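Engineer: okay, predicted coordinates and the sequence, questions at the end:
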Amino acid sequence: MRNEQVELTPSQFELEVENLILQTGIHLSEFKVQRLEKISAADGVFEIDVTARFEALGGSFLVLIECKQHKNPIKREVVQILFDRLRAVGGHKGMIFSTSGYQRGAIEFAQAHGIALVQIADGRTSYQTKSFHPQPALPPGFPPYVGWVVSLNEKGQESYRRIYDRSPQVLLERFAEN
């Protein structure tokens with residue numbers, strides 16, 4: 001995947017991540033998303049960029065989401081810090097959203113500990129054409145930014161899958177509105 005920098009302010013970046021999370025959790029029970037939530041733990045108070053809370057299987061779940069808008073790929077230490085915060089506050093899942101990608105050590109640690117890594121990219125990265133001509137304009141309603149889940153496949157190579165794929169029916173309905 002191309003590693004083009006996404007031009008957003010830190011606040012805009014957090015809002016885009018919040019919107020992506022809201023889209024993915026719309027069918028969950030008691031689903032709530034909050035930016036800059038302060039969570040108390042035995043070893044301090046942590047301000048989390050975005051939190052998601054929901055009810056499922058008879059219990060409450062907490063997802064901690066950190067937004068990293070760095071110039072260089074995210075290092076393993078950043079993932080380790082989120083893992084420590086998850087344990088401190090009793091969270092159930094951790095996610096890191098980055099505009100700059102991830103170093104291999106970060107991906108390996110994240111996979112070993114169940115942390116999801118997402119790379120935010122220009123929406124055009126989810127639109128493919130088979131043409132030598134310049135890329136055509138995106139269809140109406142296409143998202144300006146998309147999230148790609150980053151992992152290592154069975155061969156140890158980086159692999160990407162889109163965090164939120166709209167069904168073809170939803171896309172058709174959306175295009176028909178415009």
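Structural biologist: Now that the structure is in, tell me what you want to look at.

Engineer: okay, CA-based contacts and neighbour counts for the rest of this
Structural biologist: Fine.

Engineer: for stretch 56-71, give the mean pLDDT please.
Structural biologist: Mean per-residue pLDDT for stretch 56-71: 88.

Engineer: go through that stretch and flag the buried ones.
Structural biologist: F61, L62, V63, L64, I65, E66, C67, K68, Q69 (16 or more other C-alpha atoms under 10 Å).

Engineer: if I pick the closest residue in space to W148 that isn't next to it in sequence, what's in contact with it?
Structural biologist: Spatially, and ignoring its direct neighbours in sequence, W148 is nearest to R162 (4.4 Å; C-alpha to C-alpha, 6 or more residues apart in numbering). Counting by C-alpha atoms under 8 Å, 6 or more residues apart in numbering, R162 touches S126, V146, G147, W148, V149.

Engineer: which of these has the most neighbours?
Structural biologist: Greatest neighbour count in these, by other C-alpha atoms under 10 Å, goes to G147: 27 neighbours.

Engineer: correct me, but it touches I120?
Structural biologist: Yes: in this structure G147 lies within contact range of I120 using C-alpha atoms under 8 Å: 4.5 Å.

Engineer: sorry, back to before: so which of the contacts of R162 comes closest to A116?
Structural biologist: Closest to A116 out of the contacts of R162 is V149 (7.0 Å), distances taken as C-alpha to C-alpha.
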